[in-house]
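Participant: Have a look at this prediction, sequence included:
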Amino acid sequence: MKRSWIAQAALLAAAGLGLWFLVSNTAHNLETRKIASGFGFLWREAGFEIGETGAIAYGAADSYLRALGVGLWNTFRVAAIGVALATVLGTLVGLARLSPNWLLKQLASAYVEVIRNVPLLVQLFFWYAMIAENLPDPAEALQPLAGVYLSNRGIAFPTPWSTPELNGFNFTGGAALSPEFAALLVGLVMYTAAFIGEIVRAGVLSVGRGQVDAAYSMGLTRGRALRFVVLPQALRLIVPPLTSQYLNLAKNSSLAVAIGYPDLVSIANTSMNQTGQALEGVAIIMAVFLTISLSISAFMNWYNRRVALKGVRR
Amino acid sequence: MNAAASWMRANLFSSWPSTLATLAIAWLAWKLVPPFVDWAFIEAIWRSPNSNACREAQGACWAFIGEKHRFMLFGTYPFEQHWRPALATIMLMLLWFFSSLRIFWKWWLWAVWVVGLFAIATLMWGGVFGLAYVENGRWGGLILTLILASFGMAFAFPLAIALALGRRSRLPVVQAACVVYIELIRGVPLISVLFMASVLLPLFLPEGLTIDKLLRAQLALILFAAAYLAEVVRGGLQAIPQHQYESAEALGLSYWKRTLHVILPQALRVSIPPLVNTFIGLFKDTSLVLIIGLFDLLSTIKVSLQDPAWAGFGIEAYVFASAVYFAFCYAMSRYSQGLEQGAPARVLRAT
């Protein structure tokens, strides 16, 4: 036992020395490059415009802090909508793979195989090219549903308060998704749904055949058996891996930087390029995502305890 | 005929919802498949030295891929030397192929990999045996994607084993260090680790010491993949029944002997299918190096689109990119599924 403590002390000492080496190098390098470290730059004027500012009023004269706030809001916006839609689509895909209908099953399997085996970044570029290059101008916008317009300016759709109308070169009124947001959202939702579908399928399959047969013999229809017998039991198996898919979606939203959606990473990247405050920029990105990761896992742990069997230690 | 009818009744029209689904899918196929076939094949332009024919046609412009395929596959590697990355690509693929076969799962496979990776590096860099030197700033295309994934896996794997053992260690300092590392890396997006390697690493190093961009990205991928692989290996370690640990201890074997000769061989064997899945993830993740300015396959394809003569064929370009990535990832995922179906019997016999 004594030897192991010496080994651990040596490990600590080596880690400390390594850290000191890095810190002293960094301090020296920052000094020679005349970069003032610290977060003081956050209060300086950002000087760049942001295409989508969401709920936060922002102009080029505002501070870096406010710009990053806009980025954070945009990250939350795409992640929250993405998680909700991916859960719905993923559940449908998972159930479709278990459907007695052969066509539906094959379609869902093909979807899962194709989506899971192509990098998300390729898919994002694909959707962005689809929207920005291949959809018509607003004047000739496609109208898949009444009031919903698809054009190379994005997607315009009605709200209870107003409907979109063509006004000059773009739509006014209603609500609109920019091409970047639409591409990112579609890409994230379709990608994550393929993984969620597999989780749902595995969860449903884990419920014993006897449970299903018992439900049928009690006269429950397929839909009711699924809703009242299978899903509540499957949820216990589904929730933990579902959590990591939600986390993945949030982390993957950082690929926004590649198609120009102004999320946190993209704005931090612009700020780093303008100010040279790379250390602080990367630290902000990492801190925010660690916070998101830890909060989602804390919430899901709580939920997991709630759906767990009473009296069973997990 | 009767058999077909009863099959259809059972699998397509078994109930009202099922019938509805069948009809909906048939309607969608009728609406979507003919226009797609028209676009992809019938109206497509397969060969054309410039984009004029494509601009007039209604279909896909596959000529774009044909015209740019050398750049897409090899990037800015000197044109007359393209046989070198081509040969390296084939060598790497062969290495992976033979490593996937069970009869080659011998201790000397490690040696083959070391020699193979060394040979590939020599071939790509040159400067010896009469090969012209090519700096790695000019490497690009498919071989760069394969190199990033292969070297990433090769170096992340030993690190991951160390991290997984550390996380299960009885020594609190070692355990804490491994937990913090693994959870920290898994909690942040890969792009932030890549930013760290590309922008911050130069700041961390002493003045005068520089590491070039490719190696920095490779380092980031190794450190990132190691955290995920470590969790896979840990899963394998947990799957080993307690009595294996206890009997090894009862035999008086030291920690390292127990680990190396009893636990790890079994743990790694059960983790092979999830390891392949993690590797597929790493393979797809290499595409992110585009964001820090390296010329991997996706990046060379994207750059091809910037040629004004061929601008606007994004769909064709990304369909091609998807097809290449899909070919690699699908093959690996089928392989992993095959292993999963075959594995349990063998594991039972081993324990």
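Facilitator: Good, I have the coordinates. Numbers count the residues shown, from 1 in each chain, chains lettered A, B, ... in the order given.
Participant: Up against chain A, what does the stretch 1-150 of chain B have?
Facilitator: Taking C-beta under 8 Å from any C-beta of the partner chain, the part of the stretch 1-150 of chain B that reaches chain A is made up of B:A10, B:N11, B:L12, B:S14, B:S15, B:S18, B:A21, B:T22, B:I25, B:A26. To be clear about C-beta, it is placed using only N, CA and C from the backbone, and glycine gets the same treatment.
Participant: By mean pLDDT, point me to the weakest helix or strand of chain B.
Facilitator: Using mean pLDDT, DSSP states H and E, helix B:52-56 stands out as the lowest-scoring helix or strand of chain B, at a mean of 76.
Participant: just checking, what packs against it?
Facilitator: Helices and strands touching helix B:52-56, as assessed by 3 or more C-beta pairs under 8 Å, 6 or more residues apart in numbering or on different chains; DSSP states H and E, comprise helix B:63-74.
Participant: re earlier: can I get the residues of the stretch 1-150 of chain B next to chain A in JSON lines with neighbour count?
Facilitator: Listed next are those as JSON lines, based on neighbours: other C-beta atoms under 10 Å in any protein chain shown:
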{"residue": "B:A10", "neighbour count": "12"}
{"residue": "B:N11", "neighbour count": "17"}
{"residue": "B:L12", "neighbour count": "19"}
{"residue": "B:S14", "neighbour count": "16"}
{"residue": "B:S15", "neighbour count": "12"}
{"residue": "B:S18", "neighbour count": "20"}
{"residue": "B:A21", "neighbour count": "21"}
{"residue": "B:T22", "neighbour count": "19"}
{"residue": "B:I25", "neighbour count": "16"}
{"residue": "B:A26", "neighbour count": "12"}
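Participant: Filter those down to the ones in helices?
Facilitator: Applying DSSP state H to the residues of the stretch 1-150 of chain B next to chain A, the entries found in helices are B:A10, B:N11, B:S18, B:A21, B:T22, B:I25, B:A26.
Participant: And these, which is closest to B:L288?
Facilitator: If you rank these by distance to B:L288 using C-beta to C-beta, B:I25 comes first, at 35.3 Å.
Participant: Assess the claim that that closest one and A:K105 are in contact.
Facilitator: No - using C-beta atoms under 8 Å as the test, B:I25 is too far from A:K105 to be in contact (10.8 Å).
Participant: Tally up the residues packed near the residue in the stretch 1-150 of chain A that chain B sits nearest to, please.
Facilitator: Nearest to chain B in the stretch 1-150 of chain A, going by C-beta to the nearest C-beta, is A:A129, at a distance of 2.9 Å. A:A129 has 22 neighbours, counted by other C-beta atoms under 10 Å in any protein chain shown.
Participant: Surely it forms part of a helix?
Facilitator: Yes - the assignment for A:A129 (DSSP: H, G, I helix; E, B strand; the rest coil) places it in a helix.
Participant: ok, it - contacts?
Facilitator: Applying C-beta atoms under 8 Å, 6 or more residues apart in numbering or on different chains to A:A129 gives the contacts B:G314, B:I315, B:A317, B:Y318.
Participant: Setting the sequence-adjacent residues aside, check what's closest to the last one.
Facilitator: Spatial nearest neighbour of B:Y318, chain neighbours left out: A:F126 (4.0 Å); criterion: C-beta to C-beta, 6 or more residues apart in numbering or on different chains.
Participant: what separates the helix or strand where that neighbour lies from the chain centre, distance-wise?
Facilitator: For A:F126, the host element (DSSP states H and E) is helix A:120-129. Centre-to-centre, helix A:120-129 and its host chain are 15 Å apart (C-alpha atoms, centre = their mean, to the nearest Å).
Participant: Pull the residues that contact whichever helix or strand comes after that helix.
Facilitator: Using DSSP H and E, the helix or strand that directly follows helix A:120-129 along the chain is strand A:149-151. Here strand A:149-151 makes contact (C-beta under 8 Å, 6+ apart) with A:131, A:135-138, A:140-144, A:155-157, A:164, A:166, A:171.
Participant: change it to 6 Å
Facilitator: Here strand A:149-151 makes contact (C-beta atoms under 6 Å, 6 or more residues apart in numbering or on different chains) with A:L135, A:P138, A:A141, A:L142, A:Q143, A:A156, A:P164.
Participant: how about the helices in the stretch 51-200 of chain A?
Facilitator: In the stretch 51-200 of chain A, the helices defined using DSSP state H, counting those that start in this stretch lie at A:64-97, A:102-116, A:120-129, A:179-206.
Participant: For my notes, please list those in TSV and give distance to A:T270 and mean pLDDT for each entry.
Facilitator: Shown next, in TSV, are those (distance: least, C-beta to C-beta, whole Å; pLDDT from 0 to 100):
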stretch	distance to A:T270	mean pLDDT
helix A:64-97	8	91
helix A:102-116	31	92
helix A:120-129	19	94
helix A:179-206	14	92
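Participant: For B:T76, find the nearest of these.
Facilitator: Closest among those, once you apply C-beta to C-beta, is helix A:120-129, at 20.5 Å.
Participant: Pull out the buried residues from that closest one.
Facilitator: Residues of helix A:120-129 classed as buried by neighbour count (16 or more other C-beta atoms under 10 Å in any protein chain shown): A:L120, A:L121, A:V122, A:Q123, A:L124, A:F125, A:F126, A:W127, A:Y128, A:A129.
Participant: cool, and stretch A:100-111?
Facilitator: For stretch A:100-111, by 16+ other C-beta under 10 Å, it's A:N101, A:W102, A:L103, A:L104, A:K105, A:L107, A:A108, A:Y111.
Participant: One more: stretch B:312-325?
Facilitator: Of the residues in stretch B:312-325, B:312-322, B:324-325 count as buried by neighbour count, 16+ other C-beta under 10 Å.
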